[in-house]
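Enquirer: below: sequence and its predicted model.
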Amino acid sequence: MSHYLGELLVWEIEDYLRARSARPERARVARIRVPDRPAAETVAADLEAGGSFYAAARRAMALGMTLPDDLFGVVTRDEHPEVFEAVPGTTLPPKREGEGFLIIRLVAFEP
């Protein structure tokens, strides 16, 4: 049994290394778009306190702090290169984008 588990671990490591060397160009993300820095800081504080991304998005929507946008989407390396330096599950700090701020959580890289 332990030999089998060892082989699984090796396969997972190989998959991870292959994904890191493949340099994906697209990533699935969750995002919250807010109009100003105070709203971005409020959402970021919720997330840093251990709240779920979805719960923080719902709370921000209920408080009228969000701008229209889809909660889930796909971004490219050209649009958001910082996403591609993170690991899935990472929430990036609020970033100014257009008239507001964007908070992104990396969900997964696309092949």
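Expert: Thanks, I have the structure now. Numbering: from 1, shown residues only.

Enquirer: show me what counts as buried in the top strand by length along the chain.
Expert: The single longest strand within the chain, with elements called by DSSP state E, is strand 100-110. Judged by neighbour count using 16 or more other CB atoms under 10 Å, the buried positions of strand 100-110 are 100, 101, 102, 103, 104, 105, 106, 107, 109. (Glycine included, C-beta is placed from N, CA and C.)

Enquirer: again, but for stretch 32-43
Expert: When neighbours are counted by 16+ other CB under 10 Å, the buried residues of stretch 32-43 are found to be 32, 33, 34, 39, 40, 42, 43.

Enquirer: residue 89 reaches residue 109, doesn't it?
Expert: No: contact between residue 89 and residue 109 fails when scored by CB atoms under 8 Å: they sit 11.8 Å apart.

Enquirer: how about the strands in the chain?
Expert: Going by DSSP E, the chain shows strands at 26-34, 72-76, 95-97, 100-110.

Enquirer: who's in contact with the nearest residue to residue 86 once chain neighbours are set aside?
Expert: Nearest residue to residue 86 in three dimensions, chain neighbours excluded: residue 106, at 4.9 Å (CB to CB, 6 or more residues apart in numbering). Residues near residue 106 by CB atoms under 8 Å, 6 or more residues apart in numbering: 27, 28, 29, 83, 86, 87, 88, 89, 90, 91, 92.

Enquirer: repeat the analysis, applying 7 Å as the threshold.
Expert: By CB atoms under 7 Å, 6 or more residues apart in numbering, the contact list for residue 106 reads 27, 29, 83, 86, 88, 89, 90.
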